[in-house]
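*Asks:* Structural data only, the sequence is not supplied:
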Ligand code: GDP
């Protein structure tokens, strides 16, 4: 119908038929041209014990001698004791489309007597690539972000025909939410078709049992039947049983193919009846390379980033809570401050009272002194007045003055006075 609601989430979007040419049908071509101009960038990691054919498979996948043929270590050589991380990059081109391919190798994985921590340096490497991306995103200038994140991890399973080993499960459990895991049965030409089928079933059961998420080709609604069929076919081959070879050999019927030649015949790498190499290449390169990049960015990196930022925040909050919870600290400080104030007040009161007492005592003393002096003076004055009145009376009554008065008096009088 010309106008109908699109779906519940976008109920305001109405489908309309155009009346004439507009031009946006060319958008995919614009994106295409731009992508081709910019080129593509992809990083794949390979993990697995040495000798499982990792280098050979990478060379086979990208049809390039990316890895030179390895010389086996002489028995006397010092073997490294830890898992190393080595990466090589190459610019490859196909029909004018450029791809900067980086392969991260992990030599040493699973090669030691004790492989308990083999996954650790690999997780650290993947996380440090996330870290570097996050750091670039947080820069002021985000124009030239280099994406070194690992977009896919090919995990090579030894073709034992039994089931996954503890190291396989441990590795996948540690890595599955940080990288797109693509499990591979290495050197599948060493197993019969039946053995491969049984081995695959057991591996998938182990993976399900341990809740390990491996990369699944996404299926979208409204997709054409061909794409859906392709996705199902690819999904049906996981874990891919592959054969690698960078050598061209001649088949009994005279064709020249990439493969491995045995006394009983030739195993062809690119023959879907012989192994899952073609399906793996479709998954990794032809059909889902962009999906792998997208899933790395939108899901794996995003989850890691959220967790990282949250853990940083929560760690800070909890430490604040434990050590310097502001409310509790303020309350504590207030109580201490009040106690200090009360103590100071009590001390001041005591000192004040003491001082008042001292002052009062002093005042009382000086009052007494004053009083005593006053009394002395009063007494002295009283006595003087008495003497003067006595003198006055005597003068008035005509009696002679008291002998104190110095004059031309006789010795007798003097003698009298001194008595
Ligand atoms: P890496 O140590 O995992 O990188 O293994 P290499 O790629 O160096 O291969 C180790 C040996 O296994 C070499 O002799 C290869 O020729 C051989 N090889 C590689 N891929 C296969 C394969 O699919 N099947 C068999 N049978 N041998 C293989």
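*Replies:* Okay, I see it. Source: prediction; values computed, not measured.
*Asks:* Tally up the residues packed near the residue in the chain positioned nearest to the ligand, please.
*Replies:* Ranked by CB to the nearest ligand atom, the top residue of the chain for proximity to the ligand is residue 53, at 2.7 Å. All C-beta atoms are positioned from the backbone trio N, CA, C, and that covers glycine. Neighbourhood size, residue 53 [other CB atoms under 10 Å]: 23.
*Asks:* Hmm, it is touching residue 244, no?
*Replies:* Yes: Residue 53 is in contact with residue 244 according to CB atoms under 8 Å; the separation is 4.8 Å.
*Asks:* Common neighbours of those two, please.
*Replies:* Contact with both residue 53 and residue 244 is made by residues residue 187, according to CB atoms under 8 Å, 6 or more residues apart in numbering.
*Asks:* distance between the longest helix along the chain and the chain's centre?
*Replies:* If you go by DSSP state H, the chain has its longest helix at helix 326-396. What separates the centre of helix 326-396 from the centre of its chain is 73 Å, taken as CA atoms, centre = their mean, to the nearest Å.
*Asks:* what's the answer for stretch 135-148, then?
*Replies:* Per CA atoms, centre = their mean, the centroid offset for stretch 135-148 relative to its chain is 17 Å.
*Asks:* Identify the residues contacting it?
*Replies:* Looking at what lies outside stretch 135-148 - CB under 8 Å, 6+ apart - the contacts are 41, 43, 102, 129, 132, 133.
*Asks:* Where neighbours are concerned, which of those has the most?
*Replies:* Neighbour counts for the contacts of stretch 135-148 peak at residue 43, which has 22 neighbours (criterion: other CB under 10 Å).
*Asks:* My read is that that one contacts residue 151, right?
*Replies:* Yes: contact criterion CB under 8 Å: residue 43 and residue 151 qualify, at 5.3 Å.
*Asks:* just to revisit the earlier point, output the contacts of stretch 135-148 in CSV, with distance to the ligand appended to each entry.
*Replies:* CSV is the format used below for these (distance: CB to the nearest ligand atom, whole Å):
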residue, distance to the ligand
41, 23
43, 18
102, 16
129, 22
132, 26
133, 28
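*Asks:* Nearest to residue 365, out of those residues: which one, please.
*Replies:* residue 132 (88.3 Å; CB to CB).
*Asks:* separation between that closest one and residue 148?
*Replies:* 6 Å (CB to CB, to the nearest Å).
*Asks:* Residue numbers of this protein in contact with the ligand?
*Replies:* For the chain, the residues in contact with the ligand (CB under 6 Å from any ligand atom) are 50-56, 70, 187, 189-190, 243-244, 260.
*Asks:* returning to that earlier point: looking at the residue of the chain closest to the ligand now. What's its pLDDT?
*Replies:* The per-residue pLDDT reported for residue 53 equals 93.
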